[in-house]
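Peer 1: sequence and predicted model, in that order:
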Protein chains: 2
Amino acid sequence: MTDFLLKRDIENETVDTESAEKINPLADKAIGVFDSGLGGLTVLKEIIKLLPNENTVYFGDSGRTPYGSKSADTVRRFSRQNTRFLLEQGVKMIVIACNTASAQAYNEVRQIAGVPVIEVITPGAQAAVAKTTNRRIGVIGTRGTVQSGVYAQALARSSGRQLHISQQACPLFVGLAEEGWWNNDIVKSVAGVYLEPLIKDNIDTLVLGCTHYPLLAEAIGQVMGPEVELINAGHFVAEQVMQQLRRDKLLNAQKQLGWHQYFTSDSASHFQQLGSSFLEQRIQAAGHIEIENY
Amino acid sequence: MTDFLLKRDIENETVDTESAEKINPLADKAIGVFDSGLGGLTVLKEIIKLLPNENTVYFGDSGRTPYGSKSADTVRRFSRQNTRFLLEQGVKMIVIACNTASAQAYNEVRQIAGVPVIEVITPGAQAAVAKTTNRRIGVIGTRGTVQSGVYAQALARSSGRQLHISQQACPLFVGLAEEGWWNNDIVKSVAGVYLEPLIKDNIDTLVLGCTHYPLLAEAIGQVMGPEVELINAGHFVAEQVMQQLRRDKLLNAQKQLGWHQYFTSDSASHFQQLGSSFLEQRIQAAGHIEIENY
């Protein structure tokens, strides 16, 4: 349905010559996406799926990953550098595909960006509010995301009604995802420890508040039980990217599939190898960036 | 015994006025120690225990931790910056208290240091060779350390005889140690998966090739069984620090206990809090450093 809408929208914009002058000249520029490392590729995957004609530039800060255990000041400094790098690539939009950076650096990034900035907290929160029936929502994420309280705020903003919110930091999930242990007995044991308070709290909706967590969704779902709805923010972020681009007349009108560039602050070959499994498609090439210079 | 030797040595050097001119004027400077984060505090703890009169400056690169999953080039760049920071503090020696940095950046650090440099690989390897009776030695560490093959080389250099060496990367151990899960069923399950090939290989000595791993020593020991000797390199590193300082007439002759300074590239309060548990003594204060500027 959304795919159909998108196609119609693009065709309208390219065929309708009267409104052609309304198309922003930046429309053929790429969407810039950054993350603390590989996790954001689960968001990029959703953007590519929904907007296959868009060009994208992804920067994964694997050289300084993870952000989740680092202080807010550090995350803000890193996020400003990542943003400056993407702006140098001439992007038309910046997607902060990292919950920790979204939680702690959204305002900083907006201040220097000069292009629309999308973060990953609000779309997930809105989806959770739309799904819950008992108004008991769980949020799992890194320690940084949970401590920031940003999901609690976003959920409250998205809901007109009183919510019961249970939060839990799950720092080991990132390591498990990067180890390729996506669903085994150990993952389920770790999930059992982390998620027990949320089960006791009788939540019916669980926000996967870290871009690595969708990779563990099967194990998390088995521990939580079938009656709990898991919210993978990536899908809703992609929808918001589409809406924002459409609003700003920034949708790329090209008919061919978009190109995708990848950059990392760590080894390019390492990024290519692990990243391909996160993205579920082969990353042909990645460039190494000395991000401290930005 | 070593404490006694140390004391006698210091007293000889301070009382014996004839050889006073032999004491290096840098002797009252601090020992500089750096690590990718908190793990090196397990090495610092051993240095302070063995050399209580020495002053120390510790830099933990928690803002960019972990090093274990990063490329050699990145680890070398970070290590050069850490070294330049410590040199600016006027240290008389640099201890690379991180296995990954020792494995991948020892030569780079030596080239720019201009003071003695101690790494953590050789002392652990020498201790393992001295302990083994069946010449079957296991090594566990981060992916970077294991892939570098540096332990296999150091073990071969330390032994006149043929050795059977089994290596295993245990990337989740760092996360478990930092989560404070030092000995529970999950740690033992994870250890069971990682260590199974080493048990099958019938090793009698296991090098804990990452400075975080001594915190999990109890669980690792339970999985390996009582007949396997665990090598905590920190203790042997401290002995090598003492020998090198003595050789260079750099032992601090002061009678009072040394002072200890702590710096980190992440939040100082976070470092103080977690670091105190790693060090097993309270860190009173820590300074934040913008390490990218070095």
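Peer 2: The structure has been received and is ready for your questions. Residues are numbered from 1 along each chain as shown, chains lettered A, B, ... in the order given.
Peer 1: for the most centrally placed residue in chain A, give me its contacts.
Peer 2: For chain A, the residue lying nearest the average C-alpha position, counting by Cα atoms, centre = their mean, turns out to be A:Ala97 (3.3 Å). When contacts are counted by Cβ atoms under 8 Å, 6 or more residues apart in numbering or on different chains, A:Ala97 is found next to A:Val33, A:Phe34, A:Asp35, A:Gly39, A:Gly40, A:Val43, A:Leu44, A:Val120, A:Thr211, A:Gly234, A:Val237. In this view, the C-beta of every residue, glycine as well, is placed from N, C-alpha and C.
Peer 1: spell out which parts of chain A neighbour chain B.
Peer 2: Taking Cβ under 8 Å from any Cβ of the partner chain as the criterion, the neighbours of chain B within chain A are A:62-65, A:69-74, A:77, A:171-172, A:174-176, A:178-179, A:185-186, A:189-190, A:193, A:265-267, A:270, A:288, A:290, A:292.
Peer 1: filter those down to the buried ones.
Peer 2: For the residues of chain A next to chain B, a burial check counting by 16 or more other Cβ atoms under 10 Å in any protein chain shown picks out A:62-65, A:69-71, A:74, A:77, A:171-172, A:174-176, A:178-179, A:186, A:189-190, A:193, A:265-267, A:270, A:288, A:292.
Peer 1: can you pick out the ones from the residues you listed that are in helices?
Peer 2: Counting by DSSP state H, these place A:Thr74, A:Arg77, A:Leu172, A:Val174, A:Gly175, A:Leu176, A:Glu178, A:Ile186, A:Ser189, A:Val190, A:Val193, A:His270 in helices.
Peer 1: widest-spaced pair of those residues?
Peer 2: The span of these, defined through Cβ to Cβ, is set by A:Arg77 and A:Ser189 at 36.1 Å.
Peer 1: all the strands of chain A, in order from the start?
Peer 2: Along chain A, the stretches classed as strands by DSSP state E are A:31-35, A:56-60, A:93-96, A:117-119, A:136-141, A:164-169, A:205-208, A:229-232, A:260-264, A:287-288.
Peer 1: can you redo those as CSV with distance to B:Ser159 and mean pLDDT?
Peer 2: As requested, these are arranged in CSV below (distance: least, Cβ to Cβ, whole Å; pLDDT from 0 to 100):
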stretch, distance to B:Ser159, mean pLDDT
strand A:31-35, 45, 98
strand A:56-60, 41, 98
strand A:93-96, 52, 98
strand A:117-119, 55, 97
strand A:136-141, 48, 97
strand A:164-169, 45, 96
strand A:205-208, 49, 97
strand A:229-232, 52, 97
strand A:260-264, 39, 97
strand A:287-288, 38, 94
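Peer 1: next one: the residue in the stretch 1-150 of chain A that chain B sits nearest to from B:Val139, what distance?
Peer 2: Each residue of the stretch 1-150 of chain A has a distance to chain B, by Cβ to the nearest Cβ, and the smallest belongs to A:Ser71, at 3.0 Å. Taking Cβ to Cβ, to the nearest Å as the measure, A:Ser71 falls 33 Å from B:Val139.
Peer 1: now do A:His270
Peer 2: Between A:His270 and B:Val139 the computed distance is 21 Å (Cβ to Cβ).
Peer 1: now A:His260
Peer 2: When Cβ to Cβ is the yardstick, A:His260 and B:Val139 sit 39 Å from each other.
Peer 1: do A:Ile48 as well
Peer 2: In this structure, A:Ile48 lies at 41 Å from B:Val139, with Cβ to Cβ as the measure.
Peer 1: in contact with the closest residue to A:Thr83 other than its chain neighbours, which residues?
Peer 2: In space, and not counting its chain neighbours, A:Thr83 is closest to A:Val109: 5.0 Å by Cβ to Cβ, 6 or more residues apart in numbering or on different chains. Contact partners of A:Val109, counting by Cβ under 8 Å, 6+ apart, are A:Ser79, A:Arg80, A:Thr83, A:Ile94, A:Ile96, A:Ala101, A:Val117.
Peer 1: need the pLDDT of A:Val109.
Peer 2: On the pLDDT scale, A:Val109 is placed at 98.
Peer 1: once you drop chain neighbours, what's closest to whichever residue of the stretch 101-250 of chain A sits closest to chain B?
Peer 2: Using Cβ to the nearest Cβ, A:Gly175 is the residue of the stretch 101-250 of chain A that sits closest to chain B, at 4.2 Å. With Cβ to Cβ, 6+ apart as the criterion, A:Gly175 has its nearest non-adjacent residue at 4.2 Å, and that residue is B:Gly175.
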